[in-house]
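[1] predicted structure and sequence below. I'll ask about it afterward.
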Amino acid sequence: MIKVAVYCRVSTDKDDQANSFQAQQRYFKEYIDRMPEWEHYRTYADEGISGTSTIKRAQFNRMIADAREGRFGLIITKEVSRFSRNILDTISYTRELRALGVGVLFVNDGINTLEPDSELRLSIMGSIAQEESRKTSTRVKWGQTRQMERGVVFGRSLLGYDVKGGKISVNPEGAEIVRLIFRKYGIENKSTSEISRELRNEGYKTLSGSDYWSPAHIIKILKNEKYVGDLVQKKTITPDYLSHTKKYNHGEEPMITLRDHHEPIIDRELWNEVQKELKRRNKHSVRSIGRSAIYAFSGKIECGECGASFVSRSKKRADGSFVRRWCCAAATTRGAKACGVGRAIRDNTASELMRNAIALLCFDRNMIIDNLTKIVTEVIRSGEETTEKLANEVDRILKKKATVLDSYFSGIITEEEMRLMTERYDGEISALREKIAIIPLCEFDKIRNKVAAVVNGENGCDILYRMLLDRMTVYKEGRVEVRLKEIPEAFYFSLF
């Protein structure tokens, strides 16, 4: 008796598809009942999930896990496109299943992966399914762009505006808070820290209902063009139709801009003054190291659920030391409901994943070590920075950190503001000290030894990690994808 698993998937949760979903399950039950040597083990069903990636298909992943444990010997599914629209996933999983002695029967396509010529036929059908997915993605994007050009609003409601059915309308209660923020910044000339503190003290709530206002939250509101009646869309894009990962649009696709699209909350004169003031204050704020370069993984870790970047958070241990973790920015600023990733990754864990990924690389290590050594040497020798200059910069930041502590104990800033500023300065000091540690390695051989230790996974180096890492993506089930620069393959690890 062969235990048989059934896999069903519908790509949307509309009523007609739901009916098709029920029909699939009935069909396969009857199909198995006609086979006396078969025994129905279980039906795995994903509803409303795209087939271009297996990451978010919980039932599909559960089925693969059960197959690895030998719970059944055969999977039946309607067709290749139901199993996966990603040809690499299709081939990869069917190969793994075949090695486990588990076949996959694609009923409509007449393919059984246990047959000798199955992979050739599967490759053809899988390629067709993937190409159809690409065409569908192109049509959807084209349709959305045309709707954006007609003024249809994509996205969620925001403070001061309600977005429903593609239309945006003023929310009076939220609009009053927005006007207050613009007035405090543009007319009363208050800082974002002062504004966030005053809003908290006066009991104003954010859109999520929280009473926590951060300076970053205030700046985001001040820069949002919707408040002056303009609409800019396609700020984020999905360049890869297979992974569905959102990215900030840095010119890869033209944005859709409509001036005077809806009722403004802020008049254009005040808006222009605020934008000038934002630029002026930013110009006069001295920062020796950009925020994105404070830590090795700053801006490098992203959420596999919502696409937001992970941000650094420090926690004090009982012994007085600190441990740094990386958390989804959406969940951190808007609450856990804003993103369901539910995962944080420690800084030392991220470093360990980098070492593991580098160790798995199949390449001429000596060539890579030589090339990296040349790059690092040129960076060190071409820079005008000296140990003395960097040490002076460390002293300057330490004094600024002391001033922050004085301001906190004097009641000028809040504990939260003190924590954020202290964390920023600690990051800058750490980066500077990393540079100081590298500068004495002026001899090529010494630099090469340092690089070789990192490439071979023996030691860690934040600067080289930053040079090598393209991105690290954290998914809900604890799966982490690591991609290195100039390396086409991705490396997958588990946080468990």
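    Done, it's in.
[2] Asp470 in helix, strand or coil?
    Secondary structure, DSSP: H, G, I helix; E, B strand; the rest coil: Asp470 is strand.
[3] next one: it from Ser214, what distance?
    According to C-beta to C-beta, to the nearest Å, Asp470 and Ser214 sit 29 Å apart. Where C-beta positions appear, they are placed from N, C-alpha and C, glycine not excepted.
[4] which one's more surrounded, those two?
    Using other C-beta atoms under 10 Å as the criterion, Asp470 and Ser214 rank with Ser214 on top: 18 against 12.
[5] how about the more buried one, nearest residue that isn't a chain neighbour?
    Distances taken as C-beta to C-beta, 6 or more residues apart in numbering place Ser196 nearest to Ser214, at 5.7 Å, with adjacent residues excluded.
[6] what's the burial count for that neighbour?
    24.
[7] show me what whatever helix or strand it lives in packs onto, helices and strands only.
    Element membership of Ser196 [criterion: DSSP states H and E] is helix 192-201. For helix 192-201, the contact count by 3 or more C-beta pairs under 8 Å, 6 or more residues apart in numbering; DSSP states H and E identifies helix 172-186, helix 215-222 as packing neighbours.
[8] of all those, which one is nearest Thr206?
    Nearest to Thr206 among the helices and strands packed on helix 192-201 is helix 215-222 (7.1 Å), distances taken as C-beta to C-beta.
[9] pull the CA atoms of the closest one into CSV?
    C-alpha atoms of helix 215-222 as CSV (Å, rounded to 0.1, in the frame of the first residue of the first chain):
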residue,chain,number,x,y,z
PRO,A,215,12.2,62.1,15.6
ALA,A,216,12.4,59.7,12.6
HIS,A,217,8.6,59.5,12.6
ILE,A,218,8.4,63.3,12.5
ILE,A,219,10.8,63.6,9.7
LYS,A,220,8.9,61.0,7.6
ILE,A,221,5.7,63.1,8.0
LEU,A,222,7.5,66.4,7.1
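[10] contact partners of it?
    159, 178, 181-182, 185, 191-193, 195-196, 206, 227, 274, 278, 333, 417 (C-beta atoms under 8 Å, 6 or more residues apart in numbering).
[11] just flag the most distant two among those.
    Largest pairwise distance in the contacts of helix 215-222, by C-beta to C-beta, is 24.8 Å, between Tyr227 and Glu417.
[12] out of these two, which sits in the busier spot?
    Counted by other C-beta under 10 Å, Tyr227 and Glu417 do not tie: Tyr227 has more neighbours, with 24 against 19.
[13] now the more buried one. Its backbone dihedrals?
    Dihedral angles phi and psi of Tyr227 (degrees, to the nearest 10) take the values phi -70, psi -10.
[14] residue contacts, it?
    Counting by C-beta under 8 Å, 6+ apart, Tyr227 makes contact with 160, 178, 182, 221, 264-266, 271.
[15] specify which member of those residues is nearest to Gly304.
    Ile221 (27.5 Å).
[16] residues near that closest one, how many?
    Ile221: 21 neighbours (other C-beta under 10 Å).
[17] check Phe409 too.
    If you count neighbours by other C-beta under 10 Å, Phe409 ends up with 10.
[18] any idea how far Met418 is from it?
    On the measure of C-beta to C-beta, Phe409 and Met418 end up 9 Å apart.
[19] likewise for Met255?
    Met255 is 38 Å from Met418, by C-beta to C-beta.
[20] ditto for Val482
    Taking C-beta to C-beta as the measure, Val482 falls 34 Å from Met418.
[21] more neighbours: those two, which one.
    Per other C-beta under 10 Å, whichever of Val482 and Met418 has more neighbours is Val482, with 25 against 17.
[22] list the contacts of that one.
    Residues counted as contacts of Val482 (C-beta under 8 Å, 6+ apart) are 353-354, 357, 469, 472, 490-493.
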